[in-house]
Each structure stands twice: as C-alpha cells, then as structure tokens.
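Student: attaching a predicted model along with its sequence, questions to come.
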Amino acid sequence: MNGNESSAPAADRKPVAPRRALRDGVYDAILERLLDGSTPQGSSLGIDSLARELEVSPTPVREALVQLEHTGLISRVALKGYRVAPPLSPEQLVELFDMRTILEAAAVERAVSQADDLVPELRAAHAQHVLCAHRVRKLRGADGRPTDFSDLRESFAADWEFHLTIIRASGNRFLLKTAESLSAQVHRLRQAADHGTTDIEQAVDEHAAILAAFESGDPERPLVAMREHLAAVARRVSADG
C-alpha cells in the first residue's frame, strides 16, 4: 500500500456533513429559544435535558452550547454548567453600538465605489424587509404587540440582511466576519427592546433613506444616512431599556 493512502476503507469513514448539519440544526433550535424569550435569563441549560427535548445525543448539544458561548448569549459557570446570560448592561449597549458604527461606517465607505453593483442587491434586500414588516403589521394585536415571534424573527433577519448586503459589498472579509459574529447580539437587543411596540416602521424608513443615498451617486450621503440610522436605533433601544 502506498504510504500516502489511507488505511481505513472508504465505507468505514463517517461522513462529516451530516454531523455538521445536525450540530447546526441543534444550534439554531437553541438559539431560537434564547431569542424568543421562552428561556428566561439566568435559567440553566442542561445538556442532557436539551438532548432529550431535541431528540438528539448530548454531543451536538454540547458542541452547540460551546459555539453559543462565543456569542455572549450564554455563559458557562464553574460546577453549574451553562446559563442564559443576563441582558446587556447600559455600558455594553454603548459599546455594541460603538462597534457597529465603526464597522458599518467602514463598510459603507468601501461599498460606495461598488454602488452600481450594490444598488440592485440593496433594493432586493429592502423589498424583502418591507414585505416582512408588512406581515408583522398585519399580525400585530390591538396593543401593538406582534402575536408570533417567528414573524418578528423573520423581520429582524431581513433587517440585518440589509446591513450585511452593504458589508459584503465592502469587499473586506474581516469586516463581514466581525459583523456575522455580532449578529446574535444584534438580534437579542432588538428582541429585548420589543416589549410593547416595535421600531420596524422606523427601521424600514431609515433603510429607505440609506438606499436612496446610494442611488443618489453622492459618495458622502450613504455614510451620513447610515450614521443617522444607527444613532436612531441606539436611542430607541435606550428608551426601551
């Protein structure tokens, strides 16, 4: 046998993709519980109990929890296991928005030169956000509260995709990777702020202004519009907190 050949028969090798897909599915299922409010802050996340509820072995649950710990949504306490992290403090909120402003301003500055290619994609992302917002408004109860978190989650995802479209257009893979690492915290603070009314309509209007700024051809307008949007979101979150 050639020294470079594997000694294990192909039939004995375990496929990597199915295991990865299972882990990702478990991650998504736990993440949804964290974001929809069904798992209160400070509550314990037992590996064995989660495995039973999700009807999987403990291994993908353990892997998913390790991955979620990096997002800051859960924390590992010595001798006690994993717990849902407390809400972001006012200081952490300031730091998060500071980080978003630095990151997204840099992305906008780099994406301006790609406006011809970016604008059609940004129009499509904005149209999807408008559609999701319309669905939430239809389902909103008399008190202004959406009736189903799944619809809010869809709207949040469309909102964030609008931002990611611009960040991808920057052409900087590290800006994109950093933004993706913040996505869970961004969704979490949005969900936490939506306890009576939502800022969906304001966000749609502000995104429309960002889109119009890119369409204008003025290289300065997109950055101004993005900074104004992020500052407005920060004010709304602070007011709700």
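Tutor: Looks like it arrived, so ask away.
Student: look up how far Arg168 lies from the closest residue to Glu201 other than its chain neighbours.
Tutor: Distances taken as CB to CB, 6 or more residues apart in numbering put Ala133 closest to Glu201, at 6.9 Å, once the chain neighbours are dropped. Every residue, glycine included, has its C-beta placed from N, CA and C. According to CB to CB, to the nearest Å, Ala133 and Arg168 sit 22 Å apart.
Student: residues contacting Ala213?
Tutor: Contact partners of Ala213, counting by CB atoms under 8 Å, 6 or more residues apart in numbering, are 221-222, 224-225.
Student: residue nearest the centroid of the chain?
Tutor: By CA atoms, centre = their mean, the mean C-alpha position of the chain lies nearest to Ser183, the distance being 2.9 Å.
Student: report the buried residues of the longest helix along the chain.
Tutor: The longest helix of the chain (DSSP state H) is helix 115-139. Judged by neighbour count (16 or more other CB atoms under 10 Å), helix 115-139 contains these buried residues: 115, 118, 122, 125-126, 128-129, 132-133, 135-136.
Student: quick one: low-confidence residue ranges for the chain.
Tutor: Low-confidence segments of the chain (pLDDT under 70): 1-19, 37, 140-151, 187-198, 239-241.
Student: what are the phi and psi values for the closest residue to Leu34 other than its chain neighbours?
Tutor: Leaving aside its sequence neighbours, Leu34 sits nearest to Leu73 (CB to CB, 6+ apart; 5.1 Å). Backbone geometry at Leu73, expressed as degrees, to the nearest 10, gives phi -80, psi -30.
Student: can you show me the strands along this structure?
Tutor: Secondary structure of the chain (DSSP state E): strands located at 44-45, 74-77, 81-84.
Student: JSON lines for those strands, including distance to Val233?
Tutor: Converted to JSON lines, the strands of the chain look like this (distance: least, CB to CB, whole Å):
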{"stretch": "strand 44-45", "distance to Val233": "29"}
{"stretch": "strand 74-77", "distance to Val233": "24"}
{"stretch": "strand 81-84", "distance to Val233": "24"}
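Student: any chance of a markdown table for the ones you listed, columns mean neighbour count?
Tutor: What follows is the strands of the chain, written out as a markdown table (neighbours: other CB atoms under 10 Å):
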| stretch | mean neighbour count |
| --- | --- |
| strand 44-45 | 16 |
| strand 74-77 | 15 |
| strand 81-84 | 18 |
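Student: among these, which is nearest Gln67?
Tutor: strand 74-77 (9.9 Å; CB to CB).
Student: name the strands paired with that closest one and say parallel or antiparallel.
Tutor: strand 81-84 (antiparallel) (DSSP bridges).
Student: distance from the partner strand to the middle of the chain?
Tutor: Here strand 81-84 is found 21 Å from its chain centre; the criterion is CA atoms, centre = their mean, to the nearest Å.
Student: so what touches that strand?
Tutor: Contacts for strand 81-84 (CB under 8 Å, 6+ apart): 34, 39-47, 65, 69, 73-77.
Student: which residues touch the nearest residue to Leu68 once chain neighbours are set aside?
Tutor: Take Leu68 and drop its neighbours on the chain: the residue closest to it by CB to CB, 6+ apart is Ile74, 5.1 Å away. Contact analysis of Ile74 by CB under 8 Å, 6+ apart lists 34, 45, 65, 68, 82-85.
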